[in-house]
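K.L.:
Everything below, folded, please.
(chains A and B)
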Protein chains: 2
Amino acid sequence: MASVAPEVEKKEEEEQVVNPWEVSAGKGGIDYDKLVDQFGCQRLDAPLIDRIARLTGRPPHRFLRRGLFFAHRDLNEILDIYEKGDKFYLYTGRGPSSEALHLGHLVPFMFTKYLQDAFKVPLVIQLTDDEKFLWKNLTVEESKRLARENAKDIIACGFDVERTFIFSDFNFVGGAFYENMVKVARCVTYNKVVGIFGFTPEDHIGKISFPPVQAVPSFPSSFPKHFSGNDQLRCLIPCAIDQDPYFRMTRDVAPRIGYQKPALIESRFFPAEHENVS
Amino acid sequence: MASVAPEVEKKEEEEQVVNPWEVSAGKGGIDYDKLVDQFGCQRLDAPLIDRIARLTGRPPHRFLRRGLFFAHRDLNEILDIYEKGDKFYLYTGRGPSSEALHLGHLVPFMFTKYLQDAFKVPLVIQLTDDEKFLWKNLTVEESKRLARENAKDIIACGFDVERTFIFSDFNFVGGAFYENMVKVARCVTYNKVVGIFGFTPEDHIGKISFPPVQAVPSFPSSFPKHFSGNDQLRCLIPCAIDQDPYFRMTRDVAPRIGYQKPALIESRFFPAEHENVS
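P.N.:
Numbering: from 1, shown residues only, chains lettered A, B, ... in the order given. All right, here's what the predicted structure looks like:
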């Protein structure tokens, strides 16, 4: 997964660009309303936040009260499942591109910790060391080292050790996980990833091959040791909204390969130091 | 790996097409001289065949004497290594698209068995069940079942059980093998695979992601249990000439990621029943 910190670039046209590798604001900062419309996700409104509080018997997290998590996809369905006494699982991740996590990087992890505590559900955390190798000028060894360093900061958030699985792609890809990658890849054309991610013909095929890697932790069958026999278990993904393209693609493919669509709960970006915070 | 049996299509222009998924002859059958020139490989001439006989102390295999294996890349370098008392390893494979192997499919395996016996070297055999899932309308389970069935026919060729490793991609991809896949992928643009393999923007990204899978068994570091500490061991690939595009790409990438180029020894296609054999 890419950084949640925005790299604000002054562009001539002042048009906002939000994708997993670039976040650049327009003149008045990021227009989140426009993003929700453009991406086709739903607004996280007060009744839904009240429902979370009611179901979990806890006050809603301050990131909900203050609107830091502001958008979702199918969160209501996850709450329906929970209300009926069934379970779901959480999936979040981190692209290990720096030595330590800053506050922006910690937002999804702090919020995921709250969700795990409130709903008492399993959690998988993907460290996309392969992504960072592919996008940054790093060696495989350095990407793996950063994944390990970042894992320490993530563990420090205090996740439930009995219910949490943290993995690096370089260590874990293979077997059922690779089978799901190949299943997803067969459903997505080159034209489609160009439309979703803006790849160009000059991009290397590692980039074009990567979206299925971030897609498949959404499917419980990718983790046969953890979710064996629960192939239809629903998945909820807390993340920053720049990761939405990966999961639009995943949700499009899921029913075509016999899986449930993952639900999403999406945050704004952590404001950069030089930004006005209203 | 794709089938070695040619599917001869009568084309208006009678132009020959040879790539890993299509072999169609011109009017007078396949023009192998033209292929050697077009692909840029070398002819396997009498002095080289004599050298093989001299070094191994055996009569050259009938597939060499009769010109079925007719082209190569850097075979002389492999023989230099062997003459100095050093080793190399063999790599061949099979795309399991049918229940049983026919004579055409057996050509590379029968020849590889001779090479293993003559040079007393290790051998890896890749069953590309993922490729067949991606190109044919098969389930993952069916592709894996065919790989297992085909493995029985391959084992029946009588390879040295102490020196042979047969694997299916769905079972084996991961770890060091996946790391090499990602390293190769980072060196190859979409434009490049379009040039080599003729992919189109309507092709799914599974196809575009596959060439690195067939590339990396050429690198001993993809098999840390078998070749640990021998990361510069040379690899010789016996195959039909339609597989050459994969290894042109592999040879182009190898020095950029610190590995040796694989050498090749390439066969003609087994004649189809309705073809004139001169």
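
K.L.:
nearest residue to residue A:246 other than its sequence neighbours?
P.N.:
residue A:214 (4.7 Å; C-beta to C-beta, 6 or more residues apart in numbering or on different chains). All C-beta spots, glycine's among them, are computed from the backbone N, C-alpha and C.

K.L.:
The one you found touches residue A:134, doesn't it?
P.N.:
No: between residue A:214 and residue A:134 there is no contact, the gap being 11.5 Å when judged by C-beta atoms under 8 Å.

K.L.:
Near the residue nearest to residue A:251 when sequence neighbours are not counted, how many other residues are there?
P.N.:
Of all residues beyond its chain neighbours, the one nearest residue A:251 is residue A:261 (4.3 Å), with distances taken as C-beta to C-beta, 6+ apart. Here the number of neighbours of residue A:261 (other C-beta atoms under 10 Å in any protein chain shown) works out to 18.

K.L.:
And the pLDDT for residue A:261?
P.N.:
Looking at residue A:261, its pLDDT is 98.

K.L.:
where's it relative to residue B:211, distance?
P.N.:
Applying C-beta to C-beta, to the nearest Å, one obtains 31 Å for the distance of residue A:261 from residue B:211.

K.L.:
For the closest residue to chain B within chain A, give the beta-bridge partners.
P.N.:
As assessed by C-beta to the nearest C-beta, chain B sits closest to residue A:174 within chain A, at 2.2 Å. In this structure, residue A:174 bridges to residue B:174 when assessed by DSSP bridges.

K.L.:
residues from chain A in reach of chain B?
P.N.:
Residues of chain A found near chain B, taking C-beta under 8 Å from any C-beta of the partner chain as the criterion, are A:130, A:133-134, A:140, A:169-175, A:178-179, A:182-183, A:185-194, A:199-206, A:208-209, A:211-212.

K.L.:
Out of those, which end up buried?
P.N.:
Neighbour counting over the residues of chain A next to chain B (16 or more other C-beta atoms under 10 Å in any protein chain shown) leaves A:130, A:133-134, A:140, A:169-175, A:178-179, A:182-183, A:185-190, A:192-194, A:199, A:203-206, A:208-209, A:211-212 as the buried ones.

K.L.:
Show me the strands in the stretch 51-200 of chain A, by range?
P.N.:
Assigned by DSSP state E, counting those that start in this stretch, the stretch 51-200 of chain A shows strands spanning A:69-73, A:88-94, A:123-127, A:164-168.

K.L.:
now the helices for chain A?
P.N.:
A:32-39, A:46-56, A:62-65, A:75-83, A:103-119, A:129-135, A:140-155, A:169-172, A:175-186, A:190-197, A:205-209, A:211-215, A:224-227, A:244-253 (DSSP state H).

K.L.:
Of all the ones you listed, which one comes closest to residue A:26?
P.N.:
Of all those, helix A:32-39 sits nearest to residue A:26, with 8.5 Å by C-beta to C-beta.

K.L.:
That closest one to helix A:244-253, inter-axis angle?
P.N.:
The directions of helix A:32-39 and helix A:244-253 differ by 30 degrees, with axes from the mean of the first three to the mean of the last three C-alpha atoms, to 10 degrees as the criterion.

K.L.:
Please name the nearest non-neighbouring residue to the residue nearest to the spatial centre of chain A.
P.N.:
Nearest to the mean C-alpha position of chain A, counting by C-alpha atoms, centre = their mean, stands residue A:239 at 4.0 Å. Distance criterion C-beta to C-beta, 6+ apart; nearest residue to residue A:239, sequence neighbours excluded, is residue A:108 at 5.5 Å.

K.L.:
From what I see, that neighbour and residue A:267 are in contact.
P.N.:
Yes: here residue A:108 lies in contact with residue A:267, judged by C-beta under 8 Å, at a distance of 6.6 Å.

K.L.:
Neighbour count for these two, which is higher?
P.N.:
Between residue A:108 and residue A:267, counting by other C-beta under 10 Å, residue A:108 is the more crowded of the two (26 against 23).

K.L.:
Quick check: that one vs residue B:78, distance?
P.N.:
If you go by C-beta to C-beta, the gap between residue A:108 and residue B:78 works out to 52 Å.

K.L.:
Can you tell me the closest non-neighbouring residue to residue A:164?
P.N.:
Nearest non-adjacent residue to residue A:164 (C-beta to C-beta, 6+ apart): residue A:123, at 4.8 Å.

K.L.:
likewise residue A:50?
P.N.:
Setting aside the residues directly before and after it, residue A:50 is nearest to residue A:60 in space (C-beta to C-beta, 6+ apart), at 7.8 Å.

K.L.:
Was I right to think residue A:144 contacts residue A:170?
P.N.:
Yes: counting by C-beta under 8 Å, residue A:144 touches residue A:170, with 5.5 Å between them.

K.L.:
list residues touching both of those two?
P.N.:
When contacts are counted by C-beta atoms under 8 Å, 6 or more residues apart in numbering or on different chains, residue A:144 and residue A:170 have residue A:129 as shared neighbours.

K.L.:
ok now do residue A:186, which residues does it touch?
P.N.:
Contacts for residue A:186 (C-beta under 8 Å, 6+ apart) come out as B:133, B:134, B:204, B:206.

K.L.:
From these, pick out the ones that also neighbour chain A.
P.N.:
Contacts with chain A are made by B:133, B:134, B:204, B:206 out of the contacts of residue A:186, judged by C-beta under 8 Å from any C-beta.

K.L.:
what's residue A:88 in contact with, if anything?
P.N.:
Contact partners of residue A:88, counting by C-beta under 8 Å, 6+ apart, are A:78, A:81, A:82, A:119, A:121, A:233, A:234, A:235, A:236, A:263.
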